[in-house]
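> Quick one, fold the following:
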Amino acid sequence: MASVEEVLKKLKARARPDQLEGMARYGMVAERRLGVSVPEMRKN
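Numbers count the residues shown, from 1 in each chain. The predicted structure is shown next:
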């Protein structure tokens, strides 16, 4: 099982800050978001 640090490292590598504005349209506050889409998170 991956550690929290490993998971965060992988998510940060896939970060798309330019996507945060679009996510706000769905009620997601930009604070503490990386801009990683759900389909991207579901990939291995």
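
> So which bits of the helix or strand bottoming out on mean pLDDT in the chain are buried?
Across the helices and strands of the chain, mean pLDDT, DSSP states H and E gives its lowest value to helix 20-24, namely a mean of 84. Residues of helix 20-24 classed as buried under the neighbour-count rule (16 or more other Cβ atoms under 10 Å) are Leu20, Met23. For the C-beta atoms, the positions are set from N, CA and C on the backbone; glycine is no exception.

> what does stretch 4-19 give?
Of all the residues in stretch 4-19, those buried under the rule 16+ other Cβ under 10 Å are Gln19.

> what's the longest helix in this structure?
Selection of the longest helix in the chain by residue count, based on DSSP state H, yields helix 4-13.

> so what secondary structure elements neighbour the helix or strand following the least confident helix or strand of the chain?
Using DSSP states H and E, the helix or strand that follows helix 20-24 towards the C-terminus is helix 38-42. For helix 38-42, there is no helix or strand it packs on, judged by 3 or more Cβ pairs under 8 Å, 6 or more residues apart in numbering; DSSP states H and E.

> roughly how far is helix 38-42 from the heart of the chain?
8 Å (Cα atoms, centre = their mean, to the nearest Å).

> returning to that earlier point: and the contacts of the least confident helix or strand of the chain?
Contacts made with helix 20-24 from outside it, assessed by Cβ atoms under 8 Å, 6 or more residues apart in numbering, are listed as Ala30, Arg33, Gly35.

> count of neighbours near the first one?
Neighbourhood size, Ala30 [other Cβ atoms under 10 Å]: 13.

> List the residues that contact it.
Contacts were defined as Cβ under 8 Å, 6+ apart; by that measure Ala30 touches Leu20, Glu21, Met23, Ala24.
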